[in-house]
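**Q** sequence plus predicted model, see below.
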Amino acid sequence: MVYRFLSVSPFVRRLLVVPVATSVAAISFAACGGATTATPDDGASGSSSGSSSSSGSASSSGGASSSASSSSGSSGSPDGGVEAGVDPAILATASCSAPVPAGAETAAPLPTYAGTCPTLEPGGTFTTITSSGAARRFFVYKPETIAPGEKLPVVFLWHWLGGDPEDMARVIDAQNVANTRRVLAVIPAPKGDAAFRWPFETTQTQARIDEELRFFDDMLACVNASVPVNKECVASMGVSAGALWTAQLASGRSTRISSFVSLSGGTGGVIKNWTPGVHAMPGLVLWGGAGDVFPEQLPIMNFEKASKNLEGALVAGGHFFVECIHNCGHAVPPFDPPPAGTPAFDIVWRFVLDHPFWLGGGQSPMAGKPLPSPTFPSWCSIGQGTAVPRAANAACD
């Protein structure tokens, strides 16, 4: 079934109504050069949060320590310019379940929460924490059984404009994913102050971006307080508006994010640009071809252009990435139905679990050979401009 990520469809019936004046103002501001530039330090710089980069702790209002220095995690020039790669023999079998090779550069220590983390609610029920002084909510889906000593990968999943955490959990079959792929699926809820749900537009202040980055830190800290986390496998996936935010998160938390997946997202134009970070993490960039625009009747957002812009930044930063073009417009990718027992969107979980943080910049166990089939469809390939788009006349339902 096809559904529109931003507009009303047979699957998603609710659409966030954005005041026209707000939308036009945002676009006009961007057209007039109103972009702001993020600071590529992976730290929280907004004064309103109570975080202190010198002490590494947050105030009692709630907030994780988000400073990450090269002494405690990965090091190197922006986008992994001097990252040391792992041995080819190790690279061939790299995964989030493999041991960290001796001498490999690793992710920054997991953040800590300033207050007392609550007990995580079961999947489908919100856990609420205080982050930057505000009550914030998120779902956590975890495997129904966890072995003693097991440390689990974490995937943060950011929903589209007209959706909500319940929609995201249903579409990806979150509990099945947690059980079969042995991951923690974290699905945040928006604060409610951003016109497009997540703060990615050029009109957003750096303080607001930092606040959302701290929310990520706080969720990660409180998840780890309840369930041991594999810090070398903390990934982010976003859909549409959520993908636009995921690019900001990946570049803003490059010392923690092991890989990211952008489904109809990107950067540039009215969206903040990619900010080079410390670690050149792998990415999966997917969009729906030339028709991937919103709204269809009077497009103000071109996701093909934004995705290509993101790819350009990844090329410049030496990232490994997979490009996928499905040619179904701004809709759910037309993946073949998964085998019985296999979760939907298995391309995402396979990509995430094959790319731990300790890979060197530009490295991937998928490089230099055909992508794993049938997990990766024929319309995916490695690198910018390499994917052969799915036939435009192929059925999209």
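**A** Right, received. Where do you want to start?

**Q** please, where are all the helices along this protein?
**A** Here the chain has its helices, by DSSP state H, at 20-31, 88-91, 165-172, 174-181, 206-226, 241-252, 303-316, 346-353.

**Q** and the third one, what's buried?
**A** What that stands for is helix 165-172. Using 16 or more other C-beta atoms under 10 Å as the test for burial, helix 165-172 gives 165, 167-169, 171-172. No exception for glycine: its C-beta is placed from N, CA and C like everyone else's.

**Q** Ala174 is in contact with Ala344, correct?
**A** No - using C-beta atoms under 8 Å, Ala344 is not in contact with Ala174; the gap is 9.9 Å.

**Q** mean neighbour count, the helices of the chain: which tops it?
**A** helix 241-252 (a mean of 28; mean count of other C-beta atoms under 10 Å).

**Q** please state the offset of that one from the chain centre?
**A** 6 Å (C-alpha atoms, centre = their mean, to the nearest Å).

**Q** now do that helix, average pLDDT.
**A** The average pLDDT within helix 241-252 is 98.

**Q** by contact count, what packs against it?
**A** strand 152-158, helix 206-226, strand 229-239, strand 259-263 (3 or more C-beta pairs under 8 Å, 6 or more residues apart in numbering; DSSP states H and E).

**Q** next, count neighbours for Thr130.
**A** Around Thr130 there are 17 other residues, counting by other C-beta atoms under 10 Å.

**Q** just checking, it touches Tyr113?
**A** No - with contact taken as C-beta under 8 Å, Thr130 and Tyr113 are classed as non-touching, separated by 9.3 Å.

**Q** what sits against the residue nearest to Val183 when sequence neighbours are not counted?
**A** Closest residue in space to Val183, ignoring its immediate chain neighbours: Pro153 at 4.8 Å, by C-beta to C-beta, 6 or more residues apart in numbering. By C-beta atoms under 8 Å, 6 or more residues apart in numbering, the contact set of Pro153 is 96, 182-184, 229-230, 233-235, 352-353.

**Q** what separation do you get for Pro153 and Ile90?
**A** Noted for Pro153: a distance of 19 Å to Ile90, by C-beta to C-beta, to the nearest Å.

**Q** likewise for Ile129?
**A** For Ile129 relative to Ile90 (C-beta to C-beta), the value is 37 Å.

**Q** so where's the stretch 251-397 of the chain uncertain?
**A** Judged against pLDDT under 70, the stretch 251-397 of the chain has no low-scoring part.

**Q** contacts only, for the closest residue to Gly265 other than its chain neighbours.
**A** Leaving aside its chain neighbours, Gly265 sits nearest to Ala243 (2.4 Å; criterion: C-beta to C-beta, 6+ apart). Contact analysis of Ala243 by C-beta under 8 Å, 6+ apart lists 158, 237, 261-266.

**Q** centre-most residue in this structure?
**A** Nearest to the geometric centre of the chain sits Ser236, at 2.7 Å (C-alpha atoms, centre = their mean).

**Q** hmm, that residue is touching Val261, no?
**A** Yes - assessed by C-beta under 8 Å, Ser236 is found in contact with Val261 at 7.4 Å.

**Q** need the overlap of contacts for these two.
**A** What both Ser236 and Val261 touch, as defined by C-beta under 8 Å, 6+ apart, is the set Thr246.

**Q** mind listing the strands for the chain?
**A** Here the chain has its strands, by DSSP state E, at 127-131, 134-141, 152-158, 184-188, 229-239, 259-263, 283-287, 293-294, 301-302, 321-325, 380-382.

**Q** quick one: which of those strands is nearest Gly362?
**A** strand 321-325 (9.6 Å; C-beta to C-beta).

**Q** what's the distance between Val100 and Lys369?
**A** Val100 is 24 Å from Lys369, by C-beta to C-beta.

**Q** now Val239
**A** 28 Å.

**Q** more neighbours: which of those two?
**A** Val239 (29 against 9).

**Q** would you agree that one is in contact with Asp167?
**A** No - the criterion here is C-beta under 8 Å, and Val239 misses it with Asp167 at 9.5 Å.

**Q** anything in contact with each of those two?
**A** Joint contacts of Val239 and Asp167 (C-beta under 8 Å, 6+ apart) are 159-160.

**Q** still on that earlier bit, tell me the buried residues within the contacts of Pro153.
**A** Here, 16+ other C-beta under 10 Å leaves 96, 182-184, 229-230, 233-235, 352-353 buried among the contacts of Pro153.

**Q** quick one: residues contacting Ala344.
**A** 171-173, 335, 338.

**Q** go again with 6 Å.
**A** If you count contacts by C-beta atoms under 6 Å, 6 or more residues apart in numbering, Ala344 has them with 172-173, 338.
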